[in-house]
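1. Kindly return the folded structure for what I paste below:
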Amino acid sequence: MKFAVIVFPGSNCDIDCYKAVEETIGQSVDYVWHTATDLSAYDAILVPGGFSYGDYLRCGAIARFAPVMAEVVKAAEAGKYVLGICNGFQILTEAGLLPGALLRNRDLKFLCHPSPLEVVNASTPFTNQYRQGEVISIPIAHGEGNYYCDDETLARLQQNNQIVFRYANGGNPNGSVHDIAGICSERGNVVGMMPHPERAVSQLLGSEDGKRMFTSILNAWREQHDAAVNS
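-> Numbering: from 1, shown residues only. Have a look, this model is predicted:
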């Protein structure tokens with residue numbers, strides 16, 4: 001399996017994502033610059049956190065127009081796995097790959113601490129190694145992580161089982177509607193989340209609960225690959 005880690009000017013979690021793939025599941029991974037115009041060689045695309053283009057205008061608003069994003073959209077439409085983390089989540093909403101928007105945190109402060117998350121949907125390619133309803137610990141680090149959508153969109157997310165993670169135990173840190181911490185596309189192959197699983201792949205970092213996101217992606221790809229080979 002081959003992973004791409006997209007790098008924008010201002011990305012600062014690209015190395016964490018690269019190392020999480022390399023050291024957690026031992027798969028091929030490349031940094032891909034924002035000017036790239038071909039992602040056809042990759043099976044999964046990680047859009048990392050940071051401050052793409054300095055968060056000017058609003059988070060992800062400029063990155064959404066980078067040349068590589070046309071290829072990310074194409075990959076998503078082809079059914080490849082796309083994971084947007086923190087600023088990456090913001091970019092995916094700006095690009096229209098996921099519904100809703102990320103607003104300033106409720107208390108207008110940057111937050112950086114471990115956060116308990118409930119696994120709401122354990123049947124996506126990114127969560128198949130978790131248990132439904134399991135509570136895991138994944139760190140957050142954001143100033144604009146307040147997920148918002150209108151009532152109609154929220155109802156659709158609930159109906160389609162597109163809410164993947166929810167802040168647990170009354171620990172909503174940022175005011176997100178319905179305690180939402182992560183969602184997926186209708187097909188389930190695109191996920192955006194504010195917490196950072198790539199920062200939770202070792203007990204040395206305080207938690208290894210994020211490791212199973214990467215093993216889940218590999219597991220899903222292997223099943224898909226084996227099915228294609230045997231068909």
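2. Leaving out the residues flanking it, which one is nearest to Ile136?
-> Spatial nearest neighbour of Ile136, chain neighbours left out: Asp209 (3.8 Å); criterion: CB to CB, 6 or more residues apart in numbering. Glycine gets a C-beta too; all of them are placed from N, C-alpha and C.
3. burial measure for that neighbour, as a count.
-> For Asp209, the neighbour count with other CB atoms under 10 Å is 22.
4. List the residues that contact it.
-> 136-138, 197, 200 (CB atoms under 8 Å, 6 or more residues apart in numbering).
5. that's a helix at it, yeah?
-> No: with DSSP: H, G, I helix; E, B strand; the rest coil as the criterion, Asp209 is located in coil rather than a helix.
6. What helices and strands are in contact with the helix or strand of the chain with the lowest mean pLDDT?
-> Lowest on mean pLDDT, DSSP states H and E among the helices and strands of the chain sits helix 211-230, with a mean of 91. Counting contacts by 3 or more CB pairs under 8 Å, 6 or more residues apart in numbering; DSSP states H and E, helix 211-230 is packed against strand 81-85.
7. buried stuff in stretch 141-155?
-> 141-147, 149, 154 (16 or more other CB atoms under 10 Å).
8. Please apply the same query to stretch 22-33.
-> Across stretch 22-33, burial judged by 16+ other CB under 10 Å covers 24-25, 27, 29, 32.
9. do stretch 184-198 as well
-> 184-185, 188-198.
10. and the residues you listed, which of them are in strands?
-> Under the assignment DSSP state E, the buried residues of stretch 184-198 contribute 184, 190-193 to strands.
11. Tabulate the residues you listed (TSV), appending distance to Leu98.
-> Listed next are those as TSV, based on distance: CB to CB, whole Å:
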residue	distance to Leu98
Cys184	8
Val190	6
Val191	8
Gly192	5
Met193	10
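12. what sits against Val47?
-> By CB under 8 Å, 6+ apart, Val47 lies in contact with 6, 72, 82-85, 87-89, 91-92.
13. Distance of it relative to Leu97?
-> With distances taken as CB to CB, to the nearest Å, Val47 is found 9 Å from Leu97.
14. same question, Ala20
-> 21 Å.
15. Now Phe8: closest residue in space that isn't a chain neighbour?
-> Per CB to CB, 6+ apart, closest to Phe8 is Ser52, 3.8 Å.
16. Oops, could you answer that again for Ser176 instead?
-> That would be Tyr147: by CB to CB, 6+ apart, it lies 3.9 Å from Ser176.
17. Repeat that for Glu134.
-> Val119 (4.7 Å).
18. one step back: if we take the buried residues of stretch 22-33, which one ends up nearest to Asn128?
-> Ile25 (13.6 Å; CB to CB).
19. Relative to Thr153, how far out is that closest one?
-> For Ile25, the distance to Thr153 (CB to CB) stands at 33 Å.
20. Just the pLDDT for the closest residue to Trp221 other than its chain neighbours.
-> Excluding its sequence neighbours, the residue lying closest to Trp221 (CB to CB, 6+ apart) is Met1, at 4.9 Å. pLDDT for Met1: 96.
21. Run through the residues that contact Met1.
-> Met1 neighbours (CB under 8 Å, 6+ apart): 27-28, 43-44, 217-218, 221-222, 225.
22. do Arg104 as well
-> Residues counted as contacts of Arg104 (CB under 8 Å, 6+ apart) are 143-144, 146.
23. Now, those residues that are in strands?
-> Asn146.
24. Kindly indicate which of the contacts of Arg104 lies nearest Phe65.
-> Of all the contacts of Arg104, Phe65 sits closest to Glu144, with 18.5 Å by CB to CB.
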